[in-house]
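Enquirer: Prediction below, plus the sequence it came from.
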Amino acid sequence: MQILQNVTVKRVLTEKSKELLVNKYHNNKAQLQKECDQLLFELKKLEKTRKYSAASLKAQFDKEIDTRKEKIKLIDFQIEQLEILPFGSELKDDDLQSIVDINIGDNWDDITKGKTIIIKDGVIVEIRER
């Protein structure tokens, strides 16, 4: 019989992985900033048409812009934390599901413990039992 089991994937922080993460964060931040700029442009465009109530329109757009600005603050915090972390630290990357064969006589506690996969620079370096 087969069952699904949760598997945690962790990445070891190296110079290469740190650089990739920082680039990813900066790209996400730039994308969010572009979205804020686009929302402001759309707001001004819609205000000129005068088809909608200016106050409610501005409130909706402000809410969307504020949501993105909060995400930008979170990214800035993540970048700060990443700068503090020493190389060799393990960062949780993902949770996956794996198929596990079980048979009569297997130790249930060992099966349900789950596993953790450790990745260093894109290569699996260790598979741990939790």
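Expert: Received the coordinates, thanks.
Enquirer: make it CA atoms for all contacts and neighbour counts henceforth
Expert: Noted.
Enquirer: Leaving out sequence neighbours, find the closest residue to residue 46.
Expert: Counting by CA to CA, 6 or more residues apart in numbering, residue 52 is the residue found nearest to residue 46 once chain neighbours are left out, at 7.6 Å.
Enquirer: ditto for residue 96
Expert: Leaving aside its chain neighbours, residue 96 sits nearest to residue 7 (5.1 Å; criterion: CA to CA, 6+ apart).
Enquirer: same deal with residue 22?
Expert: Residue 22's closest residue in space is residue 79 (CA to CA, 6+ apart), at 6.5 Å.
Enquirer: which strands and helices sit next to the helix or strand containing that neighbour?
Expert: Using DSSP states H and E, residue 79 falls within helix 54-84. Applying 3 or more CA pairs under 8 Å, 6 or more residues apart in numbering; DSSP states H and E, one finds that helix 54-84 contacts helix 15-49.
Enquirer: chain center to the helix it packs on: distance?
Expert: Going by CA atoms, centre = their mean, to the nearest Å, the spacing between the C-alpha centre of helix 15-49 and its chain's C-alpha centre is 16 Å.
Enquirer: helices or strands up against it?
Expert: The contact analysis (3+ CA pairs under 8 Å, 6+ apart) places helix 15-49 against helix 54-84.
Enquirer: mean confidence score for the helix it packs on?
Expert: For helix 54-84, mean pLDDT is 94.
Enquirer: What residues sit buried inside it?
Expert: Buried residues in helix 54-84, counted by 16 or more other CA atoms under 10 Å: 58, 61, 62, 65, 68, 69, 71, 72, 75, 79, 82.
Enquirer: got it, and stretch 24-39?
Expert: Buried-residue list, stretch 24-39, by 16+ other CA under 10 Å: 25, 26, 29, 32, 33, 35, 36, 39.
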